[in-house]
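Peer 1: Sequence first, then the predicted structure, then my questions.
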Amino acid sequence: MPYKAGRCRLGVILKARRIKVVEFAEQINMSPSQLTDYIHGRKATMSLNTAMTIASALSVHIEQLYEWDYVSPSQRKRKKQE
């Protein structure tokens, strides 16, 4: 079943744990602005390497970083073969 990453949950996770973005960014050696771009949806999705780094630092499963939307067969875009 295909899924599409929806809203980033990083902000929710950090808030629930009372972790400041600046402190977490320093911990994982990323810029706070990059993290806030993910949190506020200014960047669509993070790379797999970034997501794994963040998930590992927070001790969560990588799929917990996003809300996931099911994509039905009628909604999928297929590449045309030439």
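Peer 2: Thanks, I have the structure now. Numbering: from 1, shown residues only.
Peer 1: which residues are contacting the longest helix anywhere in the chain?
Peer 2: In the chain, with assignment by DSSP state H, the single longest helix is helix 48-58. Taking contacts as Cβ atoms under 8 Å, 6 or more residues apart in numbering, the residues outside helix 48-58 that touch it are 10, 13, 17, 24, 27-28, 30, 45-46, 61-62, 64-65. Yep, even glycine has a C-beta here, placed from its N, CA and C like the rest.
Peer 1: count of neighbours near residue 3?
Peer 2: The number of residues packed near residue 3 is 12, by other Cβ atoms under 10 Å.
Peer 1: Please report the distance of it from residue 75.
Peer 2: Residue 3 sits 11 Å away from residue 75, going by Cβ to Cβ, to the nearest Å.
Peer 1: and what of residue 59?
Peer 2: 34 Å.
Peer 1: With residue 55 instead?
Peer 2: Using Cβ to Cβ, which is the criterion applied here, residue 55 is 27 Å from residue 75.
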